[in-house]
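>>> Kindly generate the corresponding structure for this input.
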Amino acid sequence: MSIIYGVFSASNLISPSVVAIVGPQLSMVVSGIFYSLYIAVFIQPAAWAFYTASVFIGIAAAVLWTAQGNCLTVNSDENTIGRNSGVFWALLQSSLFFGNLYIYFAWQGKTRISGSDRRTVFIALTVISLVGTVLFFLIRKQEDTKAPGEEDSAKEILGDSSSAQNKMMRAVAAFKKSIKLSFTKEILLLSVTTAYTGLQLTFFSGVYGTCIGAVNRFGNDEKSLIGLSGIFIGVGEILGGGIFGLLSKNNRFGRNPVVMLGIVVHFIAFYLIFFNIPNDAPIAPMEGTDDVAYMIPSKEVAIFCSFLLGLGDSCFNTQLLSILGFLYSEDSAPAFAIFKFVQSICAAVAYFYSNYFLLQWQLLIMVVVGFFGTITFFTVEWQAAAALVARSSDYSSI
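Residues are numbered from 1 along each chain as shown. Next comes the predicted model:
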């Protein structure tokens, strides 16, 4: 994970240039192939192949996320970006639900995973990944979404992409745009919110499951609860993405109420986790921990917190995708690259300190960053709403 996130973070600096040269569709296809190769490595794992694939998947992930953000934006407008972001997020996180559901029932009661079981899972995942990669070819291109006679501003500025010189100019321009956007007021403010999503991504995807598995007082179910936790995280993610996507078109109050819901839900989850999970659970030895927090560990509370973590995460990520697509409709690739750069850096930092910090300190860090991230998001959203009102007023006065 350290290799993947390290390469992923660095690759976000060049991913806008790659997307500018080859286009979002081809970028997604090539990245999808590398994802499939990475999954296939686990069918018959070897150390050299695993580390090599980790480097390539880090690069592919950066290009894929940048291309997806660009594709999402160019196929949306200010009225549909919220809906499309929600639907995209729900589909993305459905893997958490279906993947963990299969593992929970297929491997239930097993103390040792055989080579045959492992191969079955990763062969199936490789096939699914390849099918998904092929489906990228069905996504309509940017020029297909434009009305007849509408100019493509990017092509007008940067010229015909058939020339090698112009391709290089596009790459350099995209890189410069990324650097320039990094220091704008809106991006700097949203970076605090993005940093929070990176910290809690590490927490719900890595730390919390480890904590549940380390609590000996959960009995023989402690390991199977990890899979069940993943299922309910997925349920929260899918439910949040679906609801906020469907309601965004009729939402007169903007994105702030959804983000407020997200931080409240997360604070409730952190409070319950603090009371339910022993403080030394993240750094417990292989034998687990017999300590008790402020209440007798409850399986039901632990799983409920998993659902809250997923729901809150969907609140933040859907609204971040939406506001980035709204603010940077003309520069979506650099904007999404910066988003993933900040998020991956913070996720990597959280992975590092999660092996050393007690649970209470990890929760405190997320509370502090989450609070300030919510405030900074509110600030940007208020400015975006004011700009939208001014734009509508100018249009009505014509």
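
>>> What residues sit buried inside stretch 79-91?
Neighbour-count burial for stretch 79-91 flags 80-90 (criterion: 16 or more other CB atoms under 10 Å). Every residue, glycine included, has its C-beta placed from N, CA and C.

>>> could I get those as CSV with distance to Pro16?
Shown next, in CSV, are the buried residues of stretch 79-91 (distance: CB to CB, whole Å):
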residue, distance to Pro16
Thr80, 23
Ile81, 19
Gly82, 23
Arg83, 25
Asn84, 21
Ser85, 19
Gly86, 24
Val87, 24
Phe88, 19
Trp89, 22
Ala90, 26
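
>>> ok, now how distant is the residue most central in space within the chain from Glu78?
Geometric centre of the chain, nearest residue: Asn317, 6.8 Å, by CA atoms, centre = their mean. Asn317 sits 19 Å away from Glu78, going by CB to CB, to the nearest Å.

>>> circling back: cross the buried residues of stretch 79-91 against strands and list the overlap.
Using DSSP state E, no member of the buried residues of stretch 79-91 sits in strands.

>>> Pick the one among these closest to Trp382.
The closest of the buried residues of stretch 79-91 to Trp382 turns out to be Gly82 (CB to CB; 16.4 Å).

>>> The closest one contacts Arg255, doesn't it?
Yes. Using CB atoms under 8 Å, Gly82 is in contact with Arg255, at 7.3 Å.

>>> List the first helix or strand encountered after the helix or strand containing Leu96 toward the C-terminus.
Assigned by DSSP states H and E, Leu96 belongs to helix 81-106. Once the chain leaves helix 81-106, the next helix or strand it forms, by DSSP H and E, is helix 115-135.

>>> Centre of the chain to that next one, how far?
Helix 115-135 sits 21 Å away from the centroid of its parent chain (CA atoms, centre = their mean, to the nearest Å).

>>> Just the C-alphas of it, formatted as PDB.
This file holds the C-alpha atoms of helix 115-135, laid out as PDB (Å, rounded to 0.1, in the frame of the first residue of the first chain):
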ATOM      1  CA  GLY A 115      -4.900 -21.500  -2.900                       C
ATOM      2  CA  SER A 116      -8.000 -22.700  -4.800                       C
ATOM      3  CA  ASP A 117     -10.200 -20.300  -2.900                       C
ATOM      4  CA  ARG A 118      -7.800 -17.400  -3.600                       C
ATOM      5  CA  ARG A 119      -7.500 -18.300  -7.300                       C
ATOM      6  CA  THR A 120     -11.300 -18.500  -7.700                       C
ATOM      7  CA  VAL A 121     -11.800 -15.000  -6.300                       C
ATOM      8  CA  PHE A 122      -9.000 -13.300  -8.300                       C
ATOM      9  CA  ILE A 123      -9.800 -15.000 -11.600                       C
ATOM     10  CA  ALA A 124     -13.400 -13.800 -11.200                       C
ATOM     11  CA  LEU A 125     -12.200 -10.300 -10.300                       C
ATOM     12  CA  THR A 126      -9.800 -10.200 -13.300                       C
ATOM     13  CA  VAL A 127     -12.600 -11.100 -15.700                       C
ATOM     14  CA  ILE A 128     -15.000  -8.500 -14.200                       C
ATOM     15  CA  SER A 129     -12.200  -5.900 -14.400                       C
ATOM     16  CA  LEU A 130     -11.600  -6.700 -18.100                       C
ATOM     17  CA  VAL A 131     -15.300  -6.500 -18.900                       C
ATOM     18  CA  GLY A 132     -15.500  -3.100 -17.200                       C
ATOM     19  CA  THR A 133     -12.500  -1.900 -19.100                       C
ATOM     20  CA  VAL A 134     -14.100  -2.900 -22.400                       C
ATOM     21  CA  LEU A 135     -17.200  -0.900 -21.400                       C
END
